[in-house]
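K.L.:
Turn this into a model:
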Amino acid sequence: MSKVKINPQILKWSIARAGLDDRALRGAFPKLDLWLSNEQSPTLNQLNKLSKKVRIPVGYFFLNEPPKEELPYPFFRTHPGSKPIAPSPELIDTVHLMQRRMNWMSEYLIETGEDKLDFIGSAAIGDDPQLIADSIRNVLGLDKSWAQEYGTWEHALRFLYHRIDEIGINVVVNGIVGNNTHRKLNPREFRGFVIVDDYAPILFVNNSDGKAAQMFTIAHELAHLWFGESAIFDLEGLKPSEHQLELACDKVAAEFLVPEDELKEAWETVKDCEDCYQLLAKKFKVSEIVITRRLLDLRLITRSDFFEFYENYLEELRDRRQETGGSFYRNQGMKIGDTFLQTVVRALGEERLQYIEAFRLTSLYGATFDKYVNDKMESYI
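P.N.:
Here you go, the predicted model:
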């Protein structure tokens, strides 16, 4: 079988990019070292298998140098470090998948005469965070104490996700790339991102992150929409960001989830309790780290109080890091979203969308797509 000459530098780059160990690849590709040293070349069949393993197009192996892979939106990191950290292939592919989804839906809604979402970009960074939080609640049809109506933060979070979806914002909650369980998203790299659009904005939440932390992520993302700014972020430990936009989003998210006046009133009743942070977290349906950071910002606790709690919190978090699982079809609800799915089904019925594109947009193919759509359509009746 004929062999194809490839650039060994691209091969080295592709292995490092995919986060793979050379030793793990040698089992599937015994001649890997010979390819890396340019002493031998792979066959086309071997190259096709290798490209799938390292997740790059076959054509990349013939480039003179590795391509520059850049994210299309700002990536705000709590700890940017001394040099830029390359985004993972999982993050890049997830952002591009959501971009395709948003672009298609936005074009479809424009073609069918839908109105713009007037709250997108309706706020400025210098605006009062309380007024912006009030605006977000008004659009969502919520009052300040909405979360306290739910017994647990899981129920409150589920309600909030669906409410956001109902007003035209596509909410996607996923811990893997599409439906590929071998490609997990790392919450240490990013907790979420938001893609702003006047018709079909997308809020993506990394479902590998703890559920309680997701409440702040989604509120932070809502603030981004009101400011009209797309971004990717890690929000590590709610530590202050160096970026003015991120600081503004944090303030709005904190006010949306934990209104200042209600927190001050509640603090007076629990501040002498040993489990005061837990009591407040339960009341407002957020994580304890959100509560302590909010108390610090309002100068109700000291910095030493906050960092003492923070170190203990990190230790506990390592012990109770959550795993995701459950029914494949049940999990699709938050990976796709009801509004997006209904739009896809409508477009298929109007012959404005081909099935192959619907498969790509939803990451569901063939009979799997049909079963999921049929089950969901029955639930809407």
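K.L.:
Break the protein into its domains for me.
P.N.:
8-62, 89-319, 325-380 (automatic domain parsing).
K.L.:
wait, which of those domains is closest to Tyr73?
P.N.:
Taking Cβ to Cβ, domain 89-319 is the member of the domains of the chain nearest to Tyr73, at 4.3 Å. For glycine as for every other residue, the C-beta is placed from the backbone atoms N, C-alpha and C.
K.L.:
Name the nearest residue to Leu109, ignoring sequence neighbours.
P.N.:
Spatial nearest neighbour of Leu109, excluding adjacent residues (Cβ to Cβ, 6 or more residues apart in numbering): Tyr199 at 4.4 Å.
K.L.:
and stretch 23-36, which residues are buried?
P.N.:
Residues Leu25, Phe29, Leu32, Trp35, Leu36 are the ones in stretch 23-36 that count as buried (16 or more other Cβ atoms under 10 Å).
K.L.:
Could you dump those residues into JSON lines and include pLDDT, distance to Ile120 and secondary structure?
P.N.:
Output for these, formatted as JSON lines (pLDDT from 0 to 100; distance: Cβ to Cβ, whole Å; DSSP: H, G, I helix; E, B strand; the rest coil):
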{"residue": "Leu25", "pLDDT": "84", "distance to Ile120": "45", "secondary structure": "helix"}
{"residue": "Phe29", "pLDDT": "89", "distance to Ile120": "48", "secondary structure": "coil"}
{"residue": "Leu32", "pLDDT": "89", "distance to Ile120": "49", "secondary structure": "helix"}
{"residue": "Trp35", "pLDDT": "90", "distance to Ile120": "49", "secondary structure": "helix"}
{"residue": "Leu36", "pLDDT": "89", "distance to Ile120": "49", "secondary structure": "helix"}
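K.L.:
Return the closest of these with respect to Ala213.
P.N.:
Nearest member of those to Ala213, counting by Cβ to Cβ, is Leu25, at 34.3 Å.
K.L.:
Please point out which parts of the longest helix along the chain sit buried.
P.N.:
Taking DSSP state H as the criterion, the chain has its longest helix at helix 89-111. Using 16+ other Cβ under 10 Å as the test for burial, helix 89-111 gives 89-95, 97-99, 101-102, 104-106, 108-109.
K.L.:
quick one: contacts of stretch 334-343?
P.N.:
101, 105, 108-109, 161-162, 165-166, 168, 170-174, 179, 207, 362-364, 373, 376, 380 (Cβ atoms under 8 Å, 6 or more residues apart in numbering).
K.L.:
ugh, typo on my part, it should be stretch 12-31
P.N.:
Contacts of stretch 12-31 (Cβ under 8 Å, 6+ apart): 32-33, 35-36, 40, 42, 46, 49-50, 53-56, 60-61, 66, 69, 86, 88-89.
K.L.:
Could you name the helices and strands sitting against the helix or strand Lys52 falls within?
P.N.:
Secondary structure assignment for Lys52, by DSSP states H and E: helix 44-54. Counting contacts by 3 or more Cβ pairs under 8 Å, 6 or more residues apart in numbering; DSSP states H and E, helix 44-54 is packed against helix 8-17.
K.L.:
What mean pLDDT does the helix it packs on get?
P.N.:
Averaged over helix 8-17, pLDDT sits at 85.
K.L.:
Equivalent analysis for stretch 349-366, please.
P.N.:
Stretch 349-366 comes out at a mean pLDDT of 92.
K.L.:
ok now that stretch, how far from the chain's centre?
P.N.:
23 Å (Cα atoms, centre = their mean, to the nearest Å).
K.L.:
Endpoint to endpoint, it covers what distance?
P.N.:
Length of stretch 349-366, first residue to last, Cα to Cα, to the nearest Å: 17 Å.
K.L.:
Give me the buried positions along that stretch.
P.N.:
Those would be Leu353, Ala358, Arg360, Leu361, Thr362, Ser363, Leu364, for stretch 349-366 by 16+ other Cβ under 10 Å.
K.L.:
Look up the closest residue to Pro87, ignoring the ones flanking it.
P.N.:
Leu71 (5.5 Å).
K.L.:
Please report how far the one you found lies from Leu91.
P.N.:
Applying Cβ to Cβ, to the nearest Å, the value for Leu71 to Leu91 is 7 Å.
K.L.:
what do the two both touch?
P.N.:
Joint contacts of Leu71 and Leu91 (Cβ under 8 Å, 6+ apart) are Ile232.
K.L.:
Low-confidence ranges, the stretch 51-200 of the chain, go.
P.N.:
Along the stretch 51-200 of the chain, the model assigns pLDDT under 70 to residues 78-85.
K.L.:
For it, just list every one of the helices.
P.N.:
89-111, 129-140, 153-166 (DSSP state H, counting those that start in this stretch).
K.L.:
how about the helices of the stretch 251-381 of the chain, start to end?
P.N.:
Using DSSP H, counting those that start in this stretch, helices in the stretch 251-381 of the chain cover 260-270, 276-284, 288-297, 303-319, 328-336, 338-349, 355-362, 366-380.
K.L.:
packing partners for the longest helix of the chain?
P.N.:
Helix 89-111 packs on strand 170-174, strand 176-177, strand 180-184, strand 192-195, strand 202-206, helix 338-349, helix 355-362, going by 3+ Cβ pairs under 8 Å, 6+ apart.
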